[in-house]
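> next input, structure requested:
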Amino acid sequence: MPNLKLRSCLTLFAFVASDPGLFNAVLAKYYNNAPDPLTLRILDQAKGRSPPS
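Sure thing, here's the model as predicted:
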């Protein structure tokens with residue numbers, strides 16, 4: 001489970017960071033350069049929505 005959480009967090013941080021280099025480097029080294037698909041799906045669904053108040 002911690003392994004999945006790390007991959008998800010790295011994916012999220014790479015998505016929102018102004019410089020995602022560090023997060024992408026860790027994804028490349030430990031996850032064969034593959035971001036978490038579920039996190040990407042959630043981020044894609046959230047596009048265009050207003051943040052919660």
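> what is the longest helix of the chain by residue count?
Ranked by number of residues, the top helix in the chain under DSSP state H is helix 2-16.
> in that one, what's buried?
7-8, 10-12, 14 (16 or more other CB atoms under 10 Å). Placement of C-beta: from N, CA and C, glycine included.
> with respect to Lys29, which of the residues you listed is nearest?
Leu10 (10.4 Å; CB to CB).
> need the contact list for that closest one.
23, 26-27, 31, 35-36 (CB atoms under 8 Å, 6 or more residues apart in numbering).
> report the buried members of those residues.
23, 26-27, 35-36.
> can I get those residues in TSV including distance to Gly48 and secondary structure?
Supplementary listing: these in TSV, determined by distance: CB to CB, whole Å; DSSP: H, G, I helix; E, B strand; the rest coil:
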residue	distance to Gly48	secondary structure
Phe23	23	helix
Val26	29	helix
Leu27	25	helix
Pro35	20	coil
Asp36	21	coil
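> turn those into CSV, columns for pLDDT and distance to Leu43.
Formatted as CSV, the buried ones among the contacts of Leu10 follow (pLDDT from 0 to 100; distance: CB to CB, whole Å):
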residue, pLDDT, distance to Leu43
Phe23, 97, 14
Val26, 97, 18
Leu27, 97, 14
Pro35, 96, 10
Asp36, 96, 10
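> please name the nearest non-neighbouring residue to Leu38.
Ser8 (7.2 Å; CB to CB, 6 or more residues apart in numbering).
> which residues touch the one you found?
36, 38-39.
> if we can go back for a sec, return the member of the buried residues of helix 2-16 nearest to Ala46.
Leu12 (10.8 Å).
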